[in-house]
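Enquirer: no sequence on this one, just coordinates:
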């Protein structure tokens, strides 16, 4: 069942002459982990803003085509209604954090929806424990590290219990180790809670192994859409200029030298396992 579906979705920002996204027709199934990538400025963030209604309800401009999220027509339903189903985590967590304590930030969205106080307490505690920051609940967000702030931002969205979580480059301010931990948390939410994940990310080395599907955009259009191993091994993906994982490039090199590995590895662990099998033969 498609939880998000677009048909010829096209959008132009106010005052712009060129479309930001053009003729986007995709389906995202319930429970999928979708990796959305492409060169900077290709329209990824704009597409994400359509998923939760920021476009067209906050950013006006011209929206054409159709988009449905959780069975709701985005154009006909306000942001506050869509927020119950779709959570958006911004690139910079400081843009989402403004309260004097972590737990107040996590509770903010629930309070605005008029959720009963007892349920707010339960949801906040659950979200803080799920993201492993319960011990930080009384700390001011501005005193936290970048990785901790990002977990708070994720917890604030998670407390809303959305069916879909959209994360727009959530680790762009983190080092590789901090980014790895955040990606592991996101993968856990997908597997254990069944939340549909749409992750906008350039660090394919760290994220490709988690994805069920990869969508690559360029110049406002979807260029490639399919299974990670097939997409990342394609010549078209290489020519677009995305960061093909190093292990995938190594696989291509070894195949060119006559060492057939049978499948495209998406992580160093997969590559190591396959090489051990080859050298045992």
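Expert: Structure received. Computed from a prediction, not measured in an experiment: that's the story for all the values here. Residues are numbered from 1 along each chain as shown.
Enquirer: how about the strands of the stretch 101-250 of the chain, start to end?
Expert: 164-168, 196-200, 213-218, 221-226 (DSSP state E, counting those that start in this stretch).
Enquirer: separation between the residue nearest to residue 58 when sequence neighbours are not counted and residue 16?
Expert: Nearest non-adjacent residue to residue 58, counting by C-beta to C-beta, 6 or more residues apart in numbering: residue 79, 6.7 Å away. Every residue, glycine included, has its C-beta placed from N, CA and C. From residue 79 across to residue 16, the span is 22 Å (C-beta to C-beta, to the nearest Å).
Enquirer: low-confidence ranges in the chain?
Expert: Low-confidence segments of the chain (pLDDT under 70): 281.
Enquirer: Which residue ranges make up the domains of it?
Expert: 1-85+162-227, 98-161 (automatic domain parsing).
Enquirer: Let's have the ones you listed in CSV, adding mean neighbour count and distance to residue 279.
Expert: Shown next, in CSV, are the domains of the chain (neighbours: other C-beta atoms under 10 Å; distance: least, C-beta to C-beta, whole Å):
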stretch, mean neighbour count, distance to residue 279
domain 1-85+162-227, 18, 22
domain 98-161, 18, 38
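Enquirer: Export those as CSV, with columns for distance to residue 275.
Expert: Converted to CSV, the domains of the chain look like this (distance: least, C-beta to C-beta, whole Å):
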stretch, distance to residue 275
domain 1-85+162-227, 17
domain 98-161, 32
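Enquirer: Tell me which of those domains lies nearest to residue 253.
Expert: domain 1-85+162-227 (15.8 Å; C-beta to C-beta).
Enquirer: How far does the closest one stretch from one end to the other?
Expert: With C-alpha to C-alpha, to the nearest Å as the measure, domain 1-85+162-227 spans 18 Å from end to end.
Enquirer: what do you get for stretch 228-246?
Expert: Taking C-alpha to C-alpha as the measure, stretch 228-246 stretches 14 Å from start to finish.
Enquirer: So what touches that stretch?
Expert: With C-beta atoms under 8 Å, 6 or more residues apart in numbering as the test, stretch 228-246 has contacts from 35, 37-39, 202-205, 208-209, 211-214, 216, 218, 223-225, 248, 251-252, 263-264, 266-267.
Enquirer: repeat for stretch 185-200
Expert: Taking C-beta under 8 Å, 6+ apart as the rule, stretch 185-200 contacts 3-4, 28-37, 44-45, 48, 51, 130-132, 151, 154, 158, 162-170, 183, 207, 210-211.
Enquirer: mind redoing it with 6 Å?
Expert: 3, 30-36, 44, 164-169, 210 (C-beta atoms under 6 Å, 6 or more residues apart in numbering).
Enquirer: Now find how far off-centre it is within its chain.
Expert: 9 Å (C-alpha atoms, centre = their mean, to the nearest Å).
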